[in-house]
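S.K.: Pasting the sequence and the predicted coordinates here, then a few questions.
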Amino acid sequence: MDTLVSQLQRQFRDYTISLYHQGFLDDQFTELKKLQDECSPDFVAEVVSLFFEDCEKLIGNMARALDQTGNVDFSLVGSSVHQLKGSSSSVGAKRVKGLCVTFKECCDSQNFEGCVRCLQQVDIEYKSLKAKLQDLFSLEQQIVQAGGRIPQVDI
Amino acid sequence: MVCEMETDQIEEMDVEVLSSMWPDDVGTQADNQFNVEKPAGDSDTLKEVDIAEKRTMADLKRLPELLNTTDQGSSQLTNLVRQWEYMQDHAVRLLREELKILTRQREEAEAKELKIIEEHNFETEEPENVPVLDETSHLFRRFRQKKRDELVDSKRVVIDEEFDTVAYWKQKALSLEKMLEASTERERRLIEKLNESLKTMESHSAPVEELTQNLKRAEGFLHFILQNAPIVMGHQDKDLRYLFIYNKFPSLREQDILGKTDVEIFHGGGVKESEDFKREVLEKGKASKREITFETELFGSKTFLIYVEPVYNKAREKIGINYMGMEVTDQVRKREKMAKLREDNAVRKAMESELTKTIHITEETMRAKQMLATMSHEIRSPLSGVVGMAEILSTTKLDKEQRQLLNVMISSGDLVLQLINDILDLSKVESGVMKLEATKFRPREVVKHVLQTAAASLKKDLTLEGNIADEVPILVVGDVLRIRQILTNLISNAIKFTHRGKVGIKLKVISQPSFASDKEQNETSVWICCDVYDTGIGIPENALPCLFKKYMQASADHARKYGGTGLGLAICKQLVELMGGQLTVTSQVNLGSTFTFILPYKVATSDDHSDDQDEFSDMVDHHQPEPDDTTEGYFQFKPLLGSIYSNGGPVMSNNFLPHKAMLTSPIKLINGSVADPSNSSGQSQTVQVENGGYMDESESAHQYGNGNGHRCPSKESESCSSSQASSEMESELTVSSPREEEKTETEVKETSQPKILLVEDNKINIMVAKSMMKQLGYTMDIANNGVEAINAVKDTSYDLVLMDVCMPVMDGLKATRLIRSYEESGNWDAAIEAGVDIKTSENDQGCERSTDRLPIVAMTANTLAESSEECYANGMDSFISKPVTLQKLKECLQQYLQ
């Protein structure tokens, strides 16, 4: 049992580190983790799932806005991008945030092609992050189930 | 070429003989099979055919010998011979038929002649007429003779006949003679022909040439088929020495192989096995197949499917083996891979099902735990409301009975609250979500504080003492909240079970204990041993093992007598272990118990007071005037009423204020606290004075603090508690505004805190910021845009506004401008002008601070549109760059709320 726990813990640590190294996450995510222990044991998961809901909604909005051929309201798209950027930076979704910066530039320069491309990338990026975080949470769960403690991962 | 073979019966037979591993119906499909196996090799194959003979290697001298002496060999020869014989038979039959035809023709001719002679027979009566004929044609004469013999009757007829003229008869005889001659001539020619054909038949009869040809074709076919096949064939004698090999390994010469055994030729894995296998076949006399993997230096790792059959001579004696090996390395590898995959698959499937099972079970467990936590959490809020209300009620005028009832209600409520807190703590520790903080703190102060707190609620004749060894560092790093929690728990436990004597805490530095792992060993870390001792009832030895178990108490009697949840020690133990330490207990019945916990701490490098501004530190004794307090090693709190309560100041931080006492000296309090709420220096003194004033009436309040040290630890600071006290007093004096009265206990507490407004539209950011605030010990209001912010600022007096810049409806810059404009002008005209719907509110508290400048801190995403210059230009005081971190927020709050 102990070996299972330590194996899971190592896996968790490696996975977390890999997420940071691959640029999926940044320090802000660490901040979030710090916040999780007062009275809200699921704080990170809650915030993150809120974030993904937000992503889905905003991406939907942007896609609709960009779908108005010839009559794209770039400021509308831009405000959604801004929202997304704020959210992603708050949860430490580094890649999404980075894409949002480019996306915003495309919006500002009314570059339709660029916007569409960015939108697609953001969509891919947030989904892959979602999958990865789900993995991470399930690992956490497994550790807890196996009776272990979630290790502190120093990045 | 292939077609030729196909139709040639002999060739087919040869194929059958030579490749017995092929299916029986190979006959006409040989061509197809070939094509299937090597679909693209037609032209190549033909090219290869030319060099086939060169590549083939055979001991040609011995092969015929072998063929002659073995069964297989002779059967082949027999076949060939049989075939030849069959052909010869056929030829003979043809010739015979021809002969028959000729004979029949001759018979016909003879019959015709006879007829002629018959017609002639009367001529016999005058033989003188034809003497020439008789003489010249002996044959004719003979015939005539014969005819005469045969035709005795006709003679008579001839004799009876009459002749016309001699000339006529002569002429007729001549023509007949000619016909006879022609017939004779034909007969001669036929005989010649017969002779000729007999001659040719003789020349055909030599079989060697044809056999050779057939053999050559057979050989050619075999080369053609086998030259590229991954097949090695050989014949070995009884001693397993090679006599013949086909398709040997290219780098080996003929002489390297012939006459040698496998073992002599190859070295490495599998060679011995194959040799043994051959020997086995030889011994058993039964052909068999086996797969052998060779691992030789010569050709590396290769797997061969080997077929070995014994060879007999005509006397049915074994003379050796035929051996055929087909390289199947790839197939074997594939097969093994498949097998492995299949196995892996099965294993994975098993694991998956196992995992799903585990997941299912653990999910259930988690859900149950989560539910417990949620329930506890959910219960706590309303319950704290109930208790809070009860406490407020207790400050009103009540008769004695009512007060008694209320006290019971409050203490019961408090107990439930504590139980819930314990459960929450425990589930946090168990699920691993509890994380440790590393903060600087002063161990002496912690001990003192804990003792003070305990002393304040002490209802017994007990001495509380603290004793800290000199070598204990003044400043260490650790999770002070948890350590305090442990100490408080142990102390309240000790007090609970001690009726006279003393209860104390002893701190000393020890060397690294044996249970500590090496990696924890650190230059800067120090192990401090903390004893919490008492002179109480003690614990019987048999109860010790279950002492730290959840919901367990030493005995049912104790549980009845002393109450409690039985969770306290379990939590302590878990916390200590979480921090890498150890909690032990020694006890003697009726003499007392000592709980000892050993924990590692990092020694803080600096004990500079200014460094110790950590929000989490509950130690703010540097506000206190005593200069030697940080190094003092001994505290004592004796049960002399005055001294207990004069040291009981910090008890006030436990939310339960003895309001009644305030009535006795309200003016003093207002002077001390309310007049200058931001000035924390000298606060404790004020509080102490106040405490001194109400000590007689405050008995009922003591129990509230019992065991509650960890209830709101992070916010516990004297400045906090005193300002809280002042606000409570204020409300008391003003006979409470309705708003205040409706608030529950926790909310009452909040009112004492700085009021913070967060203006932010992104709900994720709100969630994060809120959580950070909570951790820093603050709560805050939320506005979602500039308009909401203005309305909020109008209605409530805030101490700090955190303002997002980019927001819908109205951005932060504009909102800030409008707020500033209000501060200058004292009215909201600018805002109304800007289209903000200013709601009128009966609560006009905000107006009072119209002259103060409200600190507004921008939260920028660091984009060009949100430059710091612009923030300042619009009246903001500072800015935090997003994303907001705990540290940034802390610094900001420190700057604006101190």
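M.R.: Cool, the structure landed.

S.K.: tell me which residues of stretch B:454-468 are tucked away?
M.R.: B:A454, B:A455, B:A456, B:S457, B:L458, B:L462, B:T463, B:L464, B:E465, B:G466, B:N467, B:I468 (16 or more other C-beta atoms under 10 Å in any protein chain shown). All C-beta spots, glycine's among them, are computed from the backbone N, C-alpha and C.

S.K.: likewise stretch B:364-379?
M.R.: The neighbour-count check on stretch B:364-379 (16+ other C-beta under 10 Å) flags B:K369, B:A373, B:S376, B:H377 as buried.

S.K.: Does anything pack onto the helix of greatest length in chain B? Which helices or strands?
M.R.: If you go by DSSP state H, chain B has its longest helix at helix B:329-394. The contact analysis (3 or more C-beta pairs under 8 Å, 6 or more residues apart in numbering or on different chains; DSSP states H and E) places helix B:329-394 against helix A:112-145, strand B:300-312, helix B:400-431, helix B:745-751.

S.K.: Tell me which strands whichever helix or strand comes after the second one pairs with, and in which orientation.
M.R.: Right, strand B:300-312. Toward the C-terminus, strand B:300-312 is succeeded by strand B:318-327 as the next helix or strand (DSSP states H and E). With DSSP bridges as the test, strand B:318-327 is paired with strand B:231-237 (antiparallel), strand B:300-312 (antiparallel).

S.K.: looking at these, which is buried most?
M.R.: Ranked by mean neighbour count, the strands paired with strand B:318-327 are led by strand B:231-237 with a mean of 21 (mean count of other C-beta atoms under 10 Å in any protein chain shown).

S.K.: Give me the contact list for it.
M.R.: Defining contact as C-beta atoms under 8 Å, 6 or more residues apart in numbering or on different chains, one finds that strand B:231-237 is touched by B:66, B:226, B:242-248, B:261, B:278, B:304, B:311, B:319-327.

S.K.: if we go to 6 Å?
M.R.: If you take C-beta atoms under 6 Å, 6 or more residues apart in numbering or on different chains as the criterion, strand B:231-237 is touched by B:242-247, B:320-326.

S.K.: likewise stretch B:500-515?
M.R.: Contact with stretch B:500-515 is made by B:443, B:447, B:462-469, B:471-472, B:494-495, B:526-535, B:582, B:598, as judged by C-beta under 6 Å, 6+ apart.

S.K.: List the buried residues in it.
M.R.: B:G501, B:K502, B:V503, B:G504, B:I505, B:K506, B:L507, B:Q512.

S.K.: Next, the third one: secondary structure please.
M.R.: Following DSSP: H, G, I helix; E, B strand; the rest coil, we place B:V503 in the strand state.

S.K.: one step back: in JSON lines, list the strands paired with strand B:318-327 along with mean pLDDT.
M.R.: JSON lines is the format used below for the strands paired with strand B:318-327 (pLDDT from 0 to 100):
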{"stretch": "strand B:231-237", "mean pLDDT": "85"}
{"stretch": "strand B:300-312", "mean pLDDT": "87"}
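
S.K.: In helices, which of the contacts of stretch B:500-515 appear?
M.R.: Per DSSP H, helices hold the following members of the contacts of stretch B:500-515: B:P443, B:V447, B:A494, B:I495.

S.K.: what's around the first one, how many residues?
M.R.: The local packing count at B:P443 equals 24, with neighbours defined by other C-beta atoms under 10 Å in any protein chain shown.

S.K.: can you check the third one too?
M.R.: Using other C-beta under 10 Å, B:A494 has 25 other residues around it.

S.K.: quick one, what contacts it?
M.R.: B:V503, B:V532, B:D534.

S.K.: ok, it to chain A distance?
M.R.: B:A494 sits 28 Å away from chain A, going by C-beta to the nearest C-beta, to the nearest Å.

S.K.: so what pLDDT did that residue get?
M.R.: Listed pLDDT for B:A494 reads 87.

S.K.: what's the closest residue to chain A within the stretch 351-500 of chain B in contact with, if anything?
M.R.: Ranked by C-beta to the nearest C-beta, the top residue of the stretch 351-500 of chain B for proximity to chain A is B:T362, at 3.5 Å. B:T362 makes contacts with A:Q145, as judged by C-beta under 6 Å, 6+ apart.

S.K.: and if you look at B:N590?
M.R.: Residues in contact with B:N590 (C-beta under 6 Å, 6+ apart) are B:G538.

S.K.: what residues does chain A put near chain B?
M.R.: Counting by C-beta under 6 Å from any C-beta of the partner chain, the residues of chain A close to chain B are A:28, A:31, A:34-35, A:37-38, A:41, A:43, A:47, A:50-51, A:82-83, A:86-87, A:89-90, A:144-145, A:149-150.

S.K.: now B:K435, what's its secondary structure?
M.R.: coil.

S.K.: Cross-check the contact I'm expecting between it and A:K34.
M.R.: No - taking contacts as C-beta atoms under 6 Å, B:K435 lies outside contact range of A:K34: 7.6 Å.

S.K.: quick one on the thing from earlier: so which of the helices and strands packed on helix B:329-394 comes closest to B:K357?
M.R.: helix A:112-145 (11.9 Å; C-beta to C-beta).
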